[in-house]
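Trainee: I'll drop the sequence and a predicted model, then ask my questions.
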2 protein chains.
Amino acid sequence: MRIVVLAGGIGGARFLRGLRSAVPDADITVIGNTGDDIHLFGLKVCPDLDTVMYTLGGGINEDQGWGRTDESFTVKEELAAYGVGPTWFGLGDRDFATHIVRTQMLGAGYPLSAVTEALCDRWQPGVRLLPMSDDRVETHVAITDGGTGERRVVHFQEYWVRLRAAVDAEAIVPVGADQATPAPGVLEAVAAADVILFPPSNPVVSVGTILAVPGIREAVASASAPVVGLSPIVGGAPVRGMADKVLAAVGVESTAAAVALHYGNGLLDGWLVDTTDTEAVAEVEASGITCRAVPLMMTDLEATAAMARAALELAEASR
Amino acid sequence: MRIVVLAGGIGGARFLRGLRSAVPDADITVIGNTGDDIHLFGLKVCPDLDTVMYTLGGGINEDQGWGRTDESFTVKEELAAYGVGPTWFGLGDRDFATHIVRTQMLGAGYPLSAVTEALCDRWQPGVRLLPMSDDRVETHVAITDGGTGERRVVHFQEYWVRLRAAVDAEAIVPVGADQATPAPGVLEAVAAADVILFPPSNPVVSVGTILAVPGIREAVASASAPVVGLSPIVGGAPVRGMADKVLAAVGVESTAAAVALHYGNGLLDGWLVDTTDTEAVAEVEASGITCRAVPLMMTDLEATAAMARAALELAEASR
């Protein structure tokens, strides 16, 4: 079975671990979000790709869900001693090595997809991890500065990590997406898929950014495979993160049903909501999307694998 | 008193510490060798500049004479886990931060001299540290491979650090030196100097490389200030390092007198040899260079300061 998953960071990575456990023999291709990539200290950092790679490769810091386990912060402290920031982005020493290798390879002319493949040679994530695009795409967020009242545009990471999404996101722009092309293998994987899954990743700045690369949304919409998503909203709030802030920016309510309708029946064939959101099932189905309510809390590997199995069953039922 | 010192790495840095101690009120400009600079992991590494900066700034690993004190090697281990080398060059985590800042600034368009000044803002070395040039110069060494018998050219660091100068250096070429121009301030400092010193640095790959930048040798030769050097060869052998191997490559014997004659009386006004080399004094003086024999072992700060005082006294006597 060939499965394609459009994944963001922590939520996507944890779901993938469950999926791999549920169907260990499946051929899984992950199309990773690169819209939250950022250049820090002259190095190219790809937080979502790395979270997937570290999580599936056994190197993730399980408690925080991102970054390396058993991490130290000597380089960061030294950079701060030079007065060089930003200090709000927590790059550890082990993590730095990944960004150094990536930046060196990019500088030598390798595209991000080839670099990602080389990094995965070490991590053996058990999936084929593709960046959505080899082109530079950076999600920016328009905010009104709480102090000065001025409108300004910040990198998504500054909005998410430094500001903790504490101010409203007035607009979200994946800068460069309109000029980007899908990375080699992306469209081919979508076309050849038996199932396409949207894990409970952020529908705006993760899955939404991937779909914003011209060609990907169209390929998913026209794929012969059923497309099934899992709601990242449970009981009217994001399971983790601050997805409500970026959903508001695109005029979408933070409910399991509203997210399904945001994707729409042009994309989705099936949608899973949590059992606390059973009332959403009728609304989603009224829009032409098959919907089921199952437990959607990724509390452990078995619970996550059960979610993956439910998604695959729903895909089978929507075929 | 304005003193200009042409310095390599460890020997130059330790001498400078003695000089600063001997004449704490002097205005010291260091022209640093950059011929041993190397790009590692996509980062610009300047071993000699950093050794001077760390030594005078209190951050040096005293035992080995280079690199940072209290160092860890997490990044290097991670790079090795990615299969990315070289592994023979010991970059520690603290040291990596210096190279990351430098590379980022160079990438942003700052010349090496401006970057060095910015790094020294943190270290406060108590001297003005100038790279010999903002242009890229890399010393390469021609060797005959012991295994294959083939002639090949390696970067100086590979010859020095990886091969430990265990094979003969057949030629030494400061690649790019002939196209390089002195960094801003270099020629001005030489012209305005009251004294110019050659510390007991390597006469070929440290001081020799600095003098290979067009304009610097001429400026030193025509400076009104006396030029005094200290022999890095004591009792027929280098005090530290493997200077004999690179002296042989340029056809110079490893004796205190031969090094003085290699510089020549067109450059040198005075030369200090160690008391074990008293027999060299007459030979050096016969070439028109004033010569004294004093203890030249930098065993501690006071011994090094005494060497610096002897050099300044000889400069005074040669004026």
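Mentor: Perfect, thanks for sending it.

Trainee: is A:Leu272 located within a strand, as I assumed?
Mentor: Yes. Counting by DSSP: H, G, I helix; E, B strand; the rest coil, A:Leu272 falls inside a strand.

Trainee: domains in chain A, by residue range?
Mentor: A:10-134+A:179-318, A:138-172 (automatic domain parsing).

Trainee: who are the packing partners of the longest helix seen in chain A?
Mentor: Counting residues, the longest helix found in chain A (DSSP state H) is helix A:301-318. If you count contacts as 3 or more CB pairs under 8 Å, 6 or more residues apart in numbering or on different chains; DSSP states H and E, helix A:301-318 packs onto helix A:10-22, strand A:195-198, strand A:227-230, strand A:270-273, strand A:290-293. C-betas here are computed from N, CA, C, even on glycine.

Trainee: what about A:Val273, neighbour count?
Mentor: Using other CB atoms under 10 Å in any protein chain shown, the number of residues around A:Val273 comes to 27.

Trainee: which residues does it contact?
Mentor: A:231, A:234, A:256-257, A:260, A:280-281, A:284, A:291-293, A:296 (CB atoms under 8 Å, 6 or more residues apart in numbering or on different chains).

Trainee: for A:Ile216, which residues are in contact?
Mentor: The neighbours of A:Ile216, taking CB under 8 Å, 6+ apart as the test, are A:31, A:132, A:182, A:186-187, A:190, A:210.

Trainee: quick one: the strands in the stretch 51-200 of chain A?
Mentor: Using DSSP state E, counting those that start in this stretch, the strands of the stretch 51-200 of chain A run over A:128-131, A:138-144, A:151-155, A:171-175, A:195-198.

Trainee: in CSV: these, plus distance to B:Thr55, mean pLDDT and mean neighbour count.
Mentor: As requested, those are exported to CSV (distance: least, CB to CB, whole Å; pLDDT from 0 to 100; neighbours: other CB atoms under 10 Å in any protein chain shown):
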stretch, distance to B:Thr55, mean pLDDT, mean neighbour count
strand A:128-131, 44, 98, 24
strand A:138-144, 41, 96, 20
strand A:151-155, 39, 94, 14
strand A:171-175, 45, 95, 18
strand A:195-198, 57, 98, 28
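
Trainee: and chain B, which of those strands is closest to it?
Mentor: strand A:128-131 (15.3 Å; CB to the nearest CB).

Trainee: anything in that closest one near chain B?
Mentor: No. Under the criterion of CB under 8 Å from any CB of the partner chain, strand A:128-131 makes no contact with chain B; the nearest approach is 15.3 Å.

Trainee: stretch A:93-101 too?
Mentor: Yes. Stretch A:93-101 is in contact with chain B by CB under 8 Å from any CB, via A:93-94, A:96-98, A:100-101.

Trainee: which parts of the stretch 101-250 of chain A sit against chain B?
Mentor: A:101, A:103-104, A:107-108, A:118-119, A:121-122.

Trainee: can you tell me the average pLDDT over stretch A:113-121?
Mentor: For stretch A:113-121, the mean pLDDT works out to 98.

Trainee: buried residues in that stretch?
Mentor: A:113, A:115-120 (16 or more other CB atoms under 10 Å in any protein chain shown).

Trainee: of all those residues, which comes closest to chain B?
Mentor: A:Leu119 (7.0 Å).

Trainee: low pLDDT regions in chain A?
Mentor: Within chain A, the set of residues satisfying pLDDT under 70 is empty.

Trainee: show me where it has its helices.
Mentor: Taking DSSP H as the test, the helices found in chain A are A:10-22, A:47-57, A:74-81, A:93-107, A:112-123, A:156-157, A:186-192, A:207-211, A:216-222, A:243-249, A:256-263, A:280-286, A:301-318.

Trainee: who wins for proximity to B:Cys46 among the ones you listed?
Mentor: Ranking the helices of chain A by their distance to B:Cys46 (criterion: CB to CB) puts helix A:74-81 first, at 16.0 Å.

Trainee: for that closest one, packing partners?
Mentor: On a contact count with 3+ CB pairs under 8 Å, 6+ apart, helix A:74-81 meets helix A:93-107, helix B:93-107.

Trainee: can you give the contact residues for it?
Mentor: Contacts with helix A:74-81, where a contact means CB under 8 Å, 6+ apart, come from A:41, A:85, A:87, A:90-93, A:96, B:72, B:74-75, B:93-94, B:96-98, B:100-101, B:122.

Trainee: if we use 10 Å, what do you get?
Mentor: A:40-41, A:73, A:84-87, A:89-97, A:100, B:59, B:68, B:70-75, B:92-98, B:100-101, B:104, B:122-123 (CB atoms under 10 Å, 6 or more residues apart in numbering or on different chains).

Trainee: residues contacting A:Trp88?
Mentor: Residues in contact with A:Trp88, defined by CB under 10 Å, 6+ apart, are A:157-158, A:161-164.

Trainee: apply 7 Å and report the result again.
Mentor: A:161-162 (CB atoms under 7 Å, 6 or more residues apart in numbering or on different chains).

Trainee: what's the separation between it and B:Phe41?
Mentor: 25 Å (CB to CB, to the nearest Å).

Trainee: ok, A:Gly58 next?
Mentor: Distance from A:Gly58 to B:Phe41, by CB to CB: 24 Å.

Trainee: same thing with A:Ala260?
Mentor: Taking CB to CB, one finds A:Ala260 at 46 Å from B:Phe41.

Trainee: more neighbours: which of these two?
Mentor: A:Ala260 (29 against 22).

Trainee: coming back round to it: would you write a PyMOL line that selects the buried entries of the contacts of A:Val273?
Mentor: To isolate the buried members of the contacts of A:Val273 in PyMOL, using 16+ other CB under 10 Å:
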select buried, chain A and resi 231+234+256+257+260+280+281+284+291+292+293+296
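
Trainee: of the contacts of A:Val273, closest to chain B?
Mentor: Once CB to the nearest CB is applied, the member of those that ends up nearest chain B is A:Leu296, at 35.0 Å.

Trainee: count the neighbours of A:Pro295 for me.
Mentor: So A:Pro295, with other CB under 10 Å, has 15 neighbours.

Trainee: measure the closest residue to it other than its chain neighbours to A:Ala237 for me?
Mentor: Spatial nearest neighbour of A:Pro295, chain neighbours left out: A:Thr275 (5.6 Å); criterion: CB to CB, 6 or more residues apart in numbering or on different chains. In this view, A:Thr275 and A:Ala237 are 15 Å apart by CB to CB.

Trainee: so who does the spatially closest residue to A:Leu272 that is not a sequence neighbour touch?
Mentor: Among residues not flanking A:Leu272 along the chain, A:Leu230 sits closest, at 4.7 Å (CB to CB, 6+ apart). A:Leu230 makes contacts with A:15, A:198-200, A:272, A:296, A:307, A:311, as judged by CB under 7 Å, 6+ apart.
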